[in-house]
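S.K.: Sequence unavailable; structure follows:
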């Protein structure tokens, strides 16, 4: 019995050492300072990993030239509400969500987040960028990692990107704590930019 306990304890210690030794440095160490008043499409990463897709997609495919696109960067609870934007408001422009998960521990990003994001985005046909490394968040100069907040950007026809809205949702929205009316109110700041 003692040998089994020793084996279990040594296994846990070995697992901890492996996780610590192979962990990547947090994305916050790689923070890039960007002047948010001069954001342009060409400053965004060349390609993106989309939730539920096996291959990466090029920037030009996701953000068409001379077309407006709404980009909403969210995290946890806010993405659960933001995905319902087309349900509450008529949308005449393209719409892209960005999963701001770059500050999560690498083990969590590899093991748990992909399946949760696929489950979250399963009912929609809205492209969701899986921002594993934080490249999109850094390009947009997003510094807010709160799980209940979202930041919206509008890509104009000339390729410029403007921050147009910030909003918050109720904590626990991912677990269904918000009513439909509360969701609609939380998304109201975006309504003016959907046409």
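M.R.: Okay, I see it. Keep in mind that this is a model prediction, so the values were computed, not measured. Residues are numbered from 1 along each chain as shown.
S.K.: can we go C-alpha only for contacts and neighbour counts from here?
M.R.: Fine.
S.K.: Any idea which helix or strand in this protein has the lowest mean pLDDT?
M.R.: helix 106-111 (a mean of 73; mean pLDDT, DSSP states H and E).
S.K.: Not counting its own residues, what contacts that helix?
M.R.: Applying CA atoms under 8 Å, 6 or more residues apart in numbering, the external contacts of helix 106-111 come out as 19, 23, 24, 101, 132.
S.K.: Which members of the residues you listed are classed as buried?
M.R.: Neighbour counting over those (16 or more other CA atoms under 10 Å) leaves 101, 132 as the buried ones.
S.K.: Output the contacts of helix 106-111 as JSON lines; include the columns distance to residue 167.
M.R.: Shown next, in JSON lines, are those (distance: CA to CA, whole Å):
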{"residue": "19", "distance to residue 167": "35"}
{"residue": "23", "distance to residue 167": "32"}
{"residue": "24", "distance to residue 167": "31"}
{"residue": "101", "distance to residue 167": "18"}
{"residue": "132", "distance to residue 167": "23"}
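S.K.: now, which of the contacts of helix 106-111 sits nearest residue 90?
M.R.: Using CA to CA, residue 101 comes nearest to residue 90 of the contacts of helix 106-111, at 28.0 Å.
S.K.: Now do the same for that closest one: helix, strand or coil?
M.R.: coil (DSSP: H, G, I helix; E, B strand; the rest coil).
S.K.: show me the contacts for it.
M.R.: 75, 109, 130, 131, 132, 134.
S.K.: returning to what we had before: could you identify the helix or strand that succeeds the least confident helix or strand of the chain?
M.R.: Under the assignment DSSP states H and E, the closest C-terminal helix or strand after helix 106-111 is helix 113-121.
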